[in-house]
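Engineer: All I have is the shape, not the residue letters:
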Ligand code: URA
């Protein structure tokens, strides 16, 4: 039986392209160079899907042949925030799509010595005026939700960012992570490419792809 997923603000884009890319990414035999290559392709698709969730207005333009009813996405007051280090990989895909986007960084690390692997906050830096911006929060793996919740706590408490202006982009999540986010921050929109089965006892996503940062940055 598939696990019950409950999150009030969840977007799972349907993309045939992503399934092929995930087959490469998840494969234990994919080496670091290939992992990075396929991850960049997958994250570019995810970045576009997350950007599409920013506020937008209907807009009609003219093609050389006639009118087209399209949409104008508000990308002017946007800050892309990465949770270091895996988030940096996704952040770069967002910056390829929006080269002038403002950038924020948050460093939170899991306490590897403890069984619960609770998050520890170390550092943050945001651009001036971030309290008036829409946020694209980047972290490829939403596992327990501990790091994401600590990052959102920091953005709200230290920088006065509004919860309903945060879009959290990740490529793989699981019911535990979605549940944790729904309990603490239901206003935060989550854009994810895959919802996996759950967590193992080491808090890795199953089947997942292993440690995203280690595979992307070749620190295995
Ligand atoms: N972070 C990862 O990189 N992988 C997981 O499975 C969970 C968290």
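Structural biologist: Right, received. Where do you want to start? For clarity, every value in this text was computed on a predicted model and none was experimentally measured.
Engineer: give me phi/psi at the residue in the chain sticking out farthest from the centre?
Structural biologist: The C-alpha centroid of the chain is most remote from residue 65, which lies 38.1 Å away (C-alpha atoms, centre = their mean). For residue 65, the backbone dihedrals (degrees, to the nearest 10) come out as phi -110, psi -30.
Engineer: Next: the one 5 residues further on.
Structural biologist: Here is the backbone geometry of residue 70 (degrees, to the nearest 10): phi -120, psi -160.
Engineer: count of residues packed around it?
Structural biologist: By other C-beta atoms under 10 Å, the residues close to residue 70 number 12. Every C-beta, even on glycine, is put in place using the N, C-alpha and C of the backbone.
Engineer: Now for the closest residue to it other than its chain neighbours: which residues touch it?
Structural biologist: Sequence neighbours aside, residue 59 is the residue nearest to residue 70 in space, at 5.3 Å (criterion: C-beta to C-beta, 6 or more residues apart in numbering). If you count contacts by C-beta atoms under 8 Å, 6 or more residues apart in numbering, residue 59 has them with 69, 70, 71, 72.
Engineer: any idea which of those is closest to residue 212?
Structural biologist: Among those, residue 71 lies closest to residue 212 (C-beta to C-beta), at 31.2 Å.
Engineer: What strands flank the strand or helix carrying the closest one, and is each parallel or antiparallel?
Structural biologist: Residue 71 belongs to strand 67-73 when assigned by DSSP states H and E. Strand 67-73 has the following strand partners under DSSP bridges: strand 56-62 (antiparallel).
Engineer: who touches the residue nearest to the spatial centre of the chain in this structure?
Structural biologist: By C-alpha atoms, centre = their mean, the chain has its centre lying nearest to residue 169, at 2.2 Å. Counting by C-beta under 8 Å, 6+ apart, residue 169 makes contact with 46, 47, 49, 50, 90, 94, 136, 137, 138, 139, 191, 192.
Engineer: show me the contacts for the nearest residue to residue 199 once chain neighbours are set aside.
Structural biologist: Once flanking residues are discounted, residue 199 sits nearest to residue 176: 5.3 Å by C-beta to C-beta, 6+ apart. By C-beta under 8 Å, 6+ apart, the contact set of residue 176 is 143, 144, 145, 198, 199.
Engineer: Residue ranges in the protein under the pLDDT threshold?
Structural biologist: 1-3 (pLDDT under 70).
Engineer: returning to what we had before: of the contacts of residue 176, buried ones?
Structural biologist: 143, 144, 145, 199 (16 or more other C-beta atoms under 10 Å).
Engineer: Now name the helix or strand holding the residue nearest to the third one when sequence neighbours are not counted.
Structural biologist: Spelled out, it's residue 145. Computed as C-beta to C-beta, 6+ apart, the closest residue to residue 145 that is not its neighbour in sequence is residue 180, at 3.2 Å. Using DSSP H and E, the element containing residue 180 is helix 175-184.
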